[in-house]
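J.: Provided below are the primary sequence and the corresponding predicted coordinates.
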2 protein chains.
Amino acid sequence: MSRRLPPLNALRAFEAAARHLSFTKAAEELNVTQAAISHQVKGLEDVLGISLFRRFNRRLMLTDAGQTYQPALSDAFDQMEAATRRMRLEEQTGPLKVTVANSFAAKWLLPRLPAFRARHPDIDVMVAASDSIVDFTRDDFDLGIRFGLGRYPNLRVDLLFDDEVFPVCSPKLLEGPHPLLTPADLEHHTLLHDEVGFSELPHWGHWIEKTGVQGVRHDRGHRYSHSSLAIQAAIGAQGVALTRASLVGLDLEAGRLIRPFGPALKSNYACYVVSPKSTADKPKITAFRDWLFDEVGKTGGAAAIP
Amino acid sequence: MSRRLPPLNALRAFEAAARHLSFTKAAEELNVTQAAISHQVKGLEDVLGISLFRRFNRRLMLTDAGQTYQPALSDAFDQMEAATRRMRLEEQTGPLKVTVANSFAAKWLLPRLPAFRARHPDIDVMVAASDSIVDFTRDDFDLGIRFGLGRYPNLRVDLLFDDEVFPVCSPKLLEGPHPLLTPADLEHHTLLHDEVGFSELPHWGHWIEKTGVQGVRHDRGHRYSHSSLAIQAAIGAQGVALTRASLVGLDLEAGRLIRPFGPALKSNYACYVVSPKSTADKPKITAFRDWLFDEVGKTGGAAAIP
DNA sequence: TGATTCGGATAAGGATTTCTAATCTGATAA
DNA sequence: TTATCAGATTAGAAATCCTTATCCGAATCA
């Protein structure tokens, strides 16, 4: 397409001078000296080969050419300014884009999101649940909540909470022919596994080894692609899930799940809030991060441990 | 009003890059290197505190902010370009503003102007007849036709023709009781003077002295503020005018006036075409100047001298 | 699988543009 | 007549802008 335009700074100088009909006032507006405007305008006239002003001793007038030129230029600069303002505003008020893992979204964030909406009705949140680790340099997210080791180069990282893993089940499993009272009772129940792919996250094998319980095979039971599905199965009394505290906080609070017995296993993994450094301090992002920490302080990101 | 805009060159670089979704292509368009675009865009993102592109390895994408920004900027630059083109065009094709002395307008230019219109139907001519000497640095004229000594600083000056002065009268004055056959016959006729204010232009006093004729008082007769009025009076047989050849060329040709006798007096004054140096070579101005010289060559700016 | 290509990032230094300070000019106002 | 005002001009300083050279990582190719 290749536009042919005179030097842009000269255009701006001319536009201001034409608006004020004064080089001195234009200079004030643009925070330069009168000489600078004089130079720029002369340069523009030279480039165009057209004189734009008639210079009197204490008065400026536009030539015909200048008169046809100025209004359109003013419009163009106005439009640029408006576009800049609009873009800045939208950047501040546009939807906050958050990326989280599927299970965390389902079991932690989404149930709590109405509380954020109540606190900040003006901030729209777009939640993108995704299992793949999102690359902030590639995608255009404002904030992410990640379960991991906390090593995220080029990102601002805040530890949201340390997580731990323990067995949960429906209260119904305390009743019936084989009530689940001790780890040994697991023998009579289905184990619910999630295949979450964090190799360092404790699984049933670790837990059984840790407790030293005999006669329970760790590889029995159902497997689910996502923690949230395993939890859903546990709520449905289909078995016992070994799952992260953070994901079942609300279910335990509501009594949909119980912790039949300990222990809880710590892991190296924890929950981190990450955001691109360049935008980490934008108001809407700070608002969301602050709210996250308040929520964790309130309910305990992980459920209270008995 | 004071606008706050990011650096304009950075805006241009961004706009081109956003349009092509390629820094390299933008660089080609703006005739700079890819590195220059990279710098400008980065600088813009820094100034705004907002990232505008998502950089992939062989692909660029606009962020949301970039996407809202670009179209408006493109519009603004389009408008600037259009304004520039429009102004240039109008400068070429807009009316040609010519300033001439009153009498020259009436007696020379206006009668010939239809010929110019026939040759250049696309060029509108605006004739400003004015007795005061027009200052081209103050007023916005393309061309002037001046009677004078040819010393016009800062202007391009072309000699249109040398002028001379001689007596003219209506052919009717050759008849009647006192036919005008020799200078001495002037005694019985009214002298027509113009008060043109060019002190060096010969007047009746000079002419009578030059011819050596006796018994004719040079200060008799009627006086007119403009040569054209004196000529009009001569055509009406009201007397004998001493006038510039250039102004009566057409009247002599048409037989409305005759030259009863010589001599013609030279003067230092001549007719010059002047135009501001900066615009002297613009097509429409050149066209008009060329036409002026053609007209002079055709009819003889001054009437043919017997 | 390794080489190549492609497109952007980066660092350092140079070139150009832009600006300023100081002064001049010429007209108007006091 | 003098003061003032607004723009022009000049020379040189400051800031911006650009280039060269090189790096990097992914995609493509052989």
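T.: On my side now, so go ahead. Residues are numbered from 1 along each chain as shown, chains lettered A, B, ... in the order given.
J.: For the rest of this, base every contact and every neighbour count on C-alpha atoms.
T.: OK.
J.: Might you report the residue contacts of A:Arg156?
T.: A:Val274, A:Ser275, A:Pro276, A:Lys277, A:Ala280 (Cα atoms under 8 Å, 6 or more residues apart in numbering or on different chains).
J.: Report whether the helix or strand A:Gly66 falls within contacts DNA strand D.
T.: A:Gly66 belongs to helix A:64-93 when assigned by DSSP states H and E. No: Helix A:64-93 does not reach DNA strand D (Cα under 7 Å from any atom of the strand); its nearest approach is 13.9 Å.
J.: That helix packs against which elements?
T.: Using 3 or more Cα pairs under 8 Å, 6 or more residues apart in numbering or on different chains; DSSP states H and E as the contact test, the elements touching helix A:64-93 are helix A:8-20, helix A:283-299, helix B:64-93.
J.: deepest of those, which one?
T.: Mean neighbour count (mean count of other Cα atoms under 10 Å in any protein chain shown) peaks for helix A:8-20 among the helices and strands packed on helix A:64-93, with a mean of 22.
J.: That one versus helix B:64-93: what angle between them?
T.: Put simply, helix A:8-20 runs at 70 degrees to helix B:64-93, going by axes from the mean of the first three to the mean of the last three Cα atoms, to 10 degrees.
J.: Now do the SS call for the residue in the stretch 51-200 of chain A positioned nearest to DNA strand C.
T.: Here the residue of the stretch 51-200 of chain A nearest DNA strand C is A:Asn57; by Cα to the nearest atom of the strand that distance is 4.9 Å. Three-state call for A:Asn57 (DSSP: H, G, I helix; E, B strand; the rest coil): coil.
J.: so how many other residues sit close to it?
T.: Neighbours of A:Asn57 under the rule other Cα atoms under 10 Å in any protein chain shown: 7.
J.: One more: A:Ala27?
T.: 20.
J.: Quick one: the strands in chain A, in order.
T.: Assigned strands in chain A, in chain order: A:53-55, A:60-62, A:96-100, A:125-129, A:143-148, A:155-168, A:191-194, A:222-224, A:240-244, A:265-276 (criterion: DSSP state E).
J.: Now mean pLDDT too, for the ones you listed, in a markdown table please.
T.: Compiled in a markdown table, the strands of chain A are given as follows (pLDDT from 0 to 100):
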| stretch | mean pLDDT |
| --- | --- |
| strand A:53-55 | 89 |
| strand A:60-62 | 91 |
| strand A:96-100 | 89 |
| strand A:125-129 | 88 |
| strand A:143-148 | 86 |
| strand A:155-168 | 87 |
| strand A:191-194 | 81 |
| strand A:222-224 | 79 |
| strand A:240-244 | 87 |
| strand A:265-276 | 84 |
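J.: Tell me which of those is the most buried.
T.: Of the strands of chain A, strand A:240-244 is the most buried (mean count of other Cα under 10 Å), at a mean of 26.
J.: Could you check the angle that one makes with strand A:155-168?
T.: With the same axes, to 10 degrees applied, the angle from strand A:240-244 to strand A:155-168 works out at 160 degrees.
J.: Neighbouring strands - and their directions - for strand A:240-244?
T.: Paired with strand A:240-244 in the same sheet, following DSSP bridges, are strand A:155-168 (antiparallel), strand A:191-194 (parallel).
J.: related to what we said a few turns ago, need the strands of chain A in a markdown table with distance to DNA strand C, can you?
T.: As requested, those are exported to a markdown table (distance: least, Cα to the nearest atom of the strand, whole Å):
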| stretch | distance to DNA strand C |
| --- | --- |
| strand A:53-55 | 10 |
| strand A:60-62 | 12 |
| strand A:96-100 | 22 |
| strand A:125-129 | 25 |
| strand A:143-148 | 21 |
| strand A:155-168 | 14 |
| strand A:191-194 | 32 |
| strand A:222-224 | 33 |
| strand A:240-244 | 38 |
| strand A:265-276 | 14 |
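J.: now those strands in JSON lines, with distance to B:Trp291?
T.: Formatted as JSON lines, those follow (distance: least, Cα to Cα, whole Å):
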{"stretch": "strand A:53-55", "distance to B:Trp291": "28"}
{"stretch": "strand A:60-62", "distance to B:Trp291": "29"}
{"stretch": "strand A:96-100", "distance to B:Trp291": "71"}
{"stretch": "strand A:125-129", "distance to B:Trp291": "73"}
{"stretch": "strand A:143-148", "distance to B:Trp291": "74"}
{"stretch": "strand A:155-168", "distance to B:Trp291": "74"}
{"stretch": "strand A:191-194", "distance to B:Trp291": "95"}
{"stretch": "strand A:222-224", "distance to B:Trp291": "94"}
{"stretch": "strand A:240-244", "distance to B:Trp291": "95"}
{"stretch": "strand A:265-276", "distance to B:Trp291": "71"}
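J.: From A:Phe147, how far off is the nearest residue to A:Asn102 once chain neighbours are set aside?
T.: Distances taken as Cα to Cα, 6 or more residues apart in numbering or on different chains place A:Ala129 nearest to A:Asn102, at 4.8 Å, with adjacent residues excluded. A:Ala129 is 13 Å from A:Phe147, where distance means Cα to Cα, to the nearest Å.
J.: Identify the contacts common to these two.
T.: Residues touching both A:Ala129 and A:Phe147 by Cα under 8 Å, 6+ apart: A:Ala101.
J.: Tell me the pLDDT of A:Arg58.
T.: pLDDT recorded at A:Arg58 is 79.
J.: State the phi and psi torsions of it.
T.: The phi and psi values for A:Arg58, taken as degrees, to the nearest 10, are phi -130, psi 30.
J.: what does A:Leu149 give?
T.: Residue torsions, per degrees, to the nearest 10, at A:Leu149 are phi -100, psi 0.
J.: Quick check: it touching A:Val273?
T.: No: with contact defined as Cα atoms under 8 Å, A:Leu149 does not count as touching A:Val273 (11.7 Å).
J.: can you pull the contacts of A:Lys25?
T.: A:Ala17.
J.: and if you look at A:Glu15?
T.: Here A:Glu15 is in contact with A:Gln70, A:Leu73, A:Ser74 (Cα under 8 Å, 6+ apart).
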